[in-house]
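# Got a sequence here, can you model it:
(2 chains)
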Amino acid sequence: MNRVLVTWPIIVLSLFLVACADGRSANDYVTSAGELVRTGDGDKALEVLRLGIYRFPEDYELNLAMARTLLDYYTDLTPHARSRYLARYYLKRAASLAPDSRRAAAAMAEYERIRDTQR
Amino acid sequence: MSDQTGAVQENQGSIIEIEGRGPGKREMLVRAGFLALALMCFFGFTNYALDSISAPLYDSNSQYLQRSLKHSAGWMAGLMAVKMGVSTVGSISVEPMGVGMELGRVVEPVGDVLSDLMEMMTFSALLVVFQIAVLEVIRAVSLKYLVGIGALLCAFSPGRLSTFWRLGMGFISVGLVVYIVYPFTLNLAAGIFSGHQAAVYVSFNESVGIIKERSSDIYAGLLSKGISAGALRAMIADFRDVAYAGAQTLWQGMWGLLTSFAIMFILTPMMAVGVSYFFIRQIFLTLEMPVSAAYMREGALWLSRSSLRRTRKRGLKKEQGVSDNE
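Modelled structure (predicted):
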């Protein structure tokens, strides 16, 4: 009886964990990060976006969301602030991954604007 | 088998039967049930039924392993290119101040490190390929053949003490446990690995990206402002920051890579084997098959003792300066 009590809950728990395999899409990561930024937790938002970028490195929305979070959340004043260089890096990636030329041009324009203020 | 003339018999291979009656109704139902299960397994119906639950898990594991293989291949190509460059540099002879010198001696240690890294990447790529193969084999074979053969054996002789029953339940247990446990442990390890690797991988790429952006700013500054004392000082300070960031990035990347390898190639196989062993043994105990459970335990102990003995022997030989081949 004891063996049954010990064994089967473990098996059931395993099946439950099996069912909870991570199936989040790129959009889910962007949405979660947006909610975290709205609640004021920018660091956690960046962590979530980094995990999303690791799983979906070629996703335009994720890279753009990362750049926006860095620019909007971290209001660095010095021209050589790391977050602004990072934002440039992600904007350039977003421009290269953009699904259409209008969005690519917009991302590139913003990249050049930040680059010129830093030089 | 039961005595058809009606004498009461109790034997090792069959359920007790009442005098005067043929095979019990319960026994027939059990045999029919296991036979139906065997047919469902062999014709792929169990695979079809359980795939709807387990498909997301198997698919995400497969995608994860494919991505690992792609990263390994990328790293190997990069290392190979660097090694070729180092070999080319190493073959050049120079004569600074009239003294001849082969650069090979200077770059040899770098070449050795690169060779070791390439060996490690090759080994890791082969392990990933092996895990992909194991995953596909388990998905294709464990329900269809292991559970199917087990069900057939149980249908043949459903007595709890019979050899066929024990063998059959053993096959079914191993088939089910392996079908569930292996992808589960792989998924768990992949989750741990991804969580750790994501931070390292993305941080590495970000640092490289920042270095590129800062380098382009330095170059643009040089072109626009020309070389002045102030500009030179600022440029040197920027180059120093970039070099420091580069060294930090490389160090973090290497350390992160080693930790990730330890998680993926040591932790995962240990977890898969250990958890499978635990579940199979628990199932044998639950099904009142203590002998099979004891055999498993003895097998595991024997394996661990013999590997410990081999390690001790190797250590003693090393101390005595004897090579492994002697």
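
# In PDB, could you pull the C-alpha coordinates for stretch B:187-204?
Output in PDB follows, covering the C-alpha atoms of stretch B:187-204 (Å, rounded to 0.1, in the frame of the first residue of the first chain):
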ATOM      1  CA  ASN B 187      12.900  18.400 -21.500                       C
ATOM      2  CA  LEU B 188      13.700  19.200 -17.800                       C
ATOM      3  CA  ALA B 189      17.500  19.200 -18.600                       C
ATOM      4  CA  ALA B 190      16.800  21.300 -21.700                       C
ATOM      5  CA  GLY B 191      14.900  23.800 -19.600                       C
ATOM      6  CA  ILE B 192      17.700  24.100 -17.100                       C
ATOM      7  CA  PHE B 193      20.300  24.300 -20.000                       C
ATOM      8  CA  SER B 194      18.300  26.900 -21.900                       C
ATOM      9  CA  GLY B 195      17.700  29.000 -18.800                       C
ATOM     10  CA  HIS B 196      21.500  29.000 -18.200                       C
ATOM     11  CA  GLN B 197      22.600  29.100 -21.800                       C
ATOM     12  CA  ALA B 198      20.200  31.800 -22.800                       C
ATOM     13  CA  ALA B 199      21.800  34.300 -20.500                       C
ATOM     14  CA  VAL B 200      25.300  33.300 -21.600                       C
ATOM     15  CA  TYR B 201      24.600  33.100 -25.300                       C
ATOM     16  CA  VAL B 202      22.600  36.300 -25.500                       C
ATOM     17  CA  SER B 203      25.000  38.200 -23.300                       C
ATOM     18  CA  PHE B 204      27.900  37.000 -25.500                       C
END
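
# which is the next helix or strand following the helix or strand where residue B:133 lies?
Per DSSP states H and E: residue B:133 is located in helix B:103-141. Downstream of helix B:103-141, the next assigned helix or strand under DSSP H and E is helix B:148-156.

# Please enumerate the strands of chain B.
Secondary structure of chain B (DSSP state E): strands located at B:93-94, B:101-102.

# For the first one, give the mean pLDDT please.
Per-residue pLDDT over strand B:93-94 has a mean of 60.

# before we move on, the earlier item: which strands and helices lie in contact with the helix holding residue B:133?
With contacts taken as 3 or more Cβ pairs under 8 Å, 6 or more residues apart in numbering or on different chains; DSSP states H and E, helix B:103-141 sits against helix B:45-90, helix B:163-225. Just so you know, the C-beta spots here come from the backbone N, C-alpha and C atoms, and that holds for glycine as well.

# Where does pLDDT dip in chain A?
A:1-23, A:74-80, A:119 (pLDDT under 70).

# Give the full set of residues in contact with the spatially most central residue of it.
In chain A, the residue lying closest to the centroid (Cα atoms, centre = their mean) is residue A:49, at 1.6 Å. Neighbouring residues of residue A:49 by Cβ atoms under 8 Å, 6 or more residues apart in numbering or on different chains: A:29, A:30, A:33, A:62, A:65, A:66, A:69.
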